[in-house]
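**Q** Below are the sequence and a predicted model; questions follow.
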Amino acid sequence: MNLEAIQKTYRRYAGVYDMLFGALFEPGRRRAVEAINTRPGQRILEVGVGTGLSLPFYRRDARVTGIDVSPDMLAKARERVETQSLAQVEALLQMDAEATSFPDRHFDSVVAMYVASVVPNPRRLLAEMRRVCVPDGEVVVVNHFASNHPLMRQFERAVAPLSTTMGFRPDLELPMLQLMAGMDVIDIQEINAFGYWKMVRFRNKGGMNGHSTRLAAAAG
């Protein structure tokens with residue numbers, strides 16, 4: 001998958017995304033926001049904010065920035081912020097999650113919900129999330145991961161070549177994500193229907209700067 005393909009996919013989804021995935025993925029969104037949005041005045045980055053379904057869940061005294069590569073999805077998010085008067089949302093920006101323009105160590109917490117299996121390079125995504133998060137801040141990833149069930153695993157591998165058409169990668173493995181992240185795991189929780197999705201909470205021990213991010217990206 002590349003950025004152009006992702007933008008094309010979500011141009012198709014933008015008008016129906018809330019109807020298709022709103023209620024289905026809402027428990028994961030709520031749990032992720034609850035996990036990171038614990039103190040007043042926190043600077044929070046939501047990567048892949050989409051149509052902004054999670055934005056109403058943040059505390060009113062938070063300082064939330066959302067980014068997404070899809071202008072069509074962001075347009076829906078901006079409508080939501082305006083119609084619901086979500087004062088906690090400071091900015092909604094079109095940006096590549098693998099190469100943002102934010103300074104090092106800029107956010108107290110960073111969250112990506114249903115994004116890791118959509119981006120072209122998950123290793124670069126995680127390195128960038130780590131770079132912009134303060135040392136010892138929390139990084140949260142909510143995603144579907146490859147099943148341990150033999151039949152389901154076989155199915156996921158069979159449809160993996162269709163990732164560009166489907167708009168996501170079905171065979172992302174949790175151990176590989178943990179290895180790519182290079183951060184301490186706080187906990188892993190099953191979420192949404194059937195526990196098919198998981199929330200992984202990382203502690204950004206020591207932080208990361210732009211130079212280390214480039215090295216991590218090169219390794220990917």
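**A** Now that the structure is in, tell me what you want to look at.
**Q** make it CA atoms for all contacts and neighbour counts henceforth
**A** Fine.
**Q** Give the buried residues for stretch 72-86.
**A** 72-78, 80-81, 86 (16 or more other CA atoms under 10 Å).
**Q** Export these to TSV and append columns for distance to residue 45.
**A** As requested, these are arranged in TSV below (distance: CA to CA, whole Å):
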residue	distance to residue 45
72	19
73	17
74	15
75	18
76	18
77	15
78	16
80	17
81	16
86	15
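**Q** so who does the residue lying closest to residue 62 once chain neighbours are set aside touch?
**A** Using CA to CA, 6 or more residues apart in numbering and skipping residues adjacent in sequence, the residue nearest residue 62 is residue 41, 4.8 Å away. By CA atoms under 8 Å, 6 or more residues apart in numbering, residue 41 lies in contact with 61-63.
**Q** Tabulate the residues you listed (CSV), appending pLDDT and secondary structure.
**A** Below are the contacts of residue 41 laid out as CSV (pLDDT from 0 to 100; DSSP: H, G, I helix; E, B strand; the rest coil):
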residue, pLDDT, secondary structure
61, 96, coil
62, 97, coil
63, 98, strand
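**Q** of those residues, closest to residue 192?
**A** Residue 192 lies nearest to residue 62 out of these, by CA to CA, at 25.0 Å.
**Q** Each with direction, which strands does the top strand by length along the chain pair with?
**A** Secondary structure assigned by DSSP state E gives strand 133-144 as the longest strand of the chain. Applying DSSP bridges, strand 133-144 is found paired with strand 107-113 (parallel), strand 197-203 (antiparallel).
**Q** What lies in contact with it?
**A** With CA under 8 Å, 6+ apart, strand 133-144 has contacts from 28, 32, 36, 104-117, 129-130, 170, 172, 196-208.
**Q** Could you export it as PDB, CA atoms only?
**A** Output in PDB follows, covering the C-alpha atoms of strand 133-144 (Å, rounded to 0.1, in the frame of the first residue of the first chain):
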ATOM      1  CA  CYS A 133       6.100  11.600  22.400                       C
ATOM      2  CA  VAL A 134       7.800  12.900  25.600                       C
ATOM      3  CA  PRO A 135      10.100  10.500  27.500                       C
ATOM      4  CA  ASP A 136       8.100   8.200  29.600                       C
ATOM      5  CA  GLY A 137       4.900   9.300  27.900                       C
ATOM      6  CA  GLU A 138       2.300   6.700  26.700                       C
ATOM      7  CA  VAL A 139       1.900   5.500  23.200                       C
ATOM      8  CA  VAL A 140      -1.300   3.400  22.500                       C
ATOM      9  CA  VAL A 141      -2.000   1.300  19.500                       C
ATOM     10  CA  VAL A 142      -5.400  -0.200  18.800                       C
ATOM     11  CA  ASN A 143      -5.500  -2.700  16.000                       C
ATOM     12  CA  HIS A 144      -6.500  -6.100  14.600                       C
END
